[in-house]
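# Sequence below, structure please.
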Amino acid sequence: MRDLPLPTLPMADLSSQRSAESRAARRSLHPSSEQRQALEVVWARTEEDVRAAQRLRYDIFADEMGARLSVPPGSPAGHDIDLFDPYCEHLLVRLASPDGEPGQVIGTYRVLTPDAAQRVGGLYSETEFDLTRLRPLRGKMVELGRSCVHPEHRNGGAIMALWGALAEFMVRNELDTMIGCASISMRDGGHVAASLWEQLRQTHLAPIDLQVRPRLPLPVEELDRHLQVDPPALIKGYLRCGAKVLGAPAWDPDFNTADLPMLMRIADLPARYRRHFLGA
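Model prediction:
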């Protein structure tokens, strides 16, 4: 899935083009007691914007997490790049710069829209899961991926800023469903991931008509599934926003993670999050 060269950036445009101006708009966030600098959220508009996101991803996935990244031939060093990137919208959180120049990228998501998924031939998640049961949703379903935040800014502000922009994007473009893979480290051999799955299958499992199957399942039956564990912060946040787990975790040997398939609908956002993200 990462063996094709990265084309000269044909930035992924939405078919309606209704968000062209809003994608260029920036939303400034005032610094909280946890933040020394204000943050701004912006949709990538240039190749350098995307490269900045890819450098952050490399720093976190390869350097911090030890992932074995396989990038297209000719890719610049120190970048996490795959064949889906040119088709995705890339959402960035930057540190606000007093001189008006682009600030450091400290958080990112990439978003694959339904039209873009058709152009690239599928979803990243389909490399890990059989998504057959999600076909009825695909016309208004986006895939979220490659989410990460710089370790010095994991106080919640950056991820909340990203989620606010994502919610606005969904509503503005009449999209209603988000899916993606939430990763759990397997540095312990997979016991935490197996135990978390055992907990979440009892409390947050999606209905049978939405469940999916991993292509390379985590061998949960061979692992300790009875540890008392808390979900990672990102997964906990998704669950608070009404997300459901779609099935058992897949094993990603390159990233050394167990990946849980998750789905979240705008309609399922609790009232307090609708007010926070959408003002509704």
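
# any idea how far residue 152 is from the residue lying closest to residue 105 once chain neighbours are set aside?
For residue 105, ignoring the flanking residues on the chain, the nearest one in space by CB to CB, 6 or more residues apart in numbering is residue 52 at 4.3 Å. Yep, even glycine has a C-beta here, placed from its N, CA and C like the rest. Computed as CB to CB, to the nearest Å, the residue 52 to residue 152 distance reads 16 Å.

# now swap in residue 216 and tell me
Noted for residue 216: a distance of 34 Å to residue 152, by CB to CB.

# Those two: who's more crowded?
Here residue 216 and residue 152 are set side by side on neighbour count (other CB atoms under 10 Å), and the busier one is residue 216, at 14 against 8.

# okay but that one is in contact with residue 249, surely?
No - taking contact to mean CB atoms under 8 Å, the distance of 9.9 Å between residue 216 and residue 249 leaves them out of contact.

# Only the buried residues of stretch 211-218, if you could.
For stretch 211-218, a neighbour-count test (16 or more other CB atoms under 10 Å) marks 211-212, 214, 218 as buried.

# Could you check how far that stretch is from the centre of its chain?
A distance of 19 Å separates the C-alpha centroid of stretch 211-218 from that of its chain, computed with CA atoms, centre = their mean, to the nearest Å.

# End to end on it, go ahead and measure it.
Counting by CA to CA, to the nearest Å, you get 16 Å between the two ends of stretch 211-218.

# got the contact list for residue 191?
Residues counted as contacts of residue 191 (CB atoms under 8 Å, 6 or more residues apart in numbering) are 223-225, 227.

# what's the spacing between it and residue 236?
Look at residue 191 and residue 236: by CB to CB, they are 19 Å apart.

# so what pLDDT did the residue lying closest to residue 130 once chain neighbours are set aside get?
With CB to CB, 6+ apart as the measure, residue 213 is the residue that lies nearest to residue 130, at 4.6 Å, once sequence neighbours are left out. Looking at residue 213, its pLDDT is 98.

# quick one on the thing from earlier: which of the contacts of residue 191 sits closest to residue 186?
The shortest gap between residue 186 and any of those belongs to residue 223, at 9.8 Å (CB to CB).

# Nearest spatial neighbour of that closest one, chain-adjacent residues omitted?
Using CB to CB, 6+ apart and skipping the chain neighbours, the partner closest in space to residue 223 is residue 194 (3.9 Å).

# cool, residue 89 as well?
Residue 89's closest residue in space is residue 111 (CB to CB, 6+ apart), at 4.4 Å.

# you'd agree that neighbour is in a helix?
No - following the definition DSSP: H, G, I helix; E, B strand; the rest coil, residue 111 is strand and is not counted among the residues of a helix.
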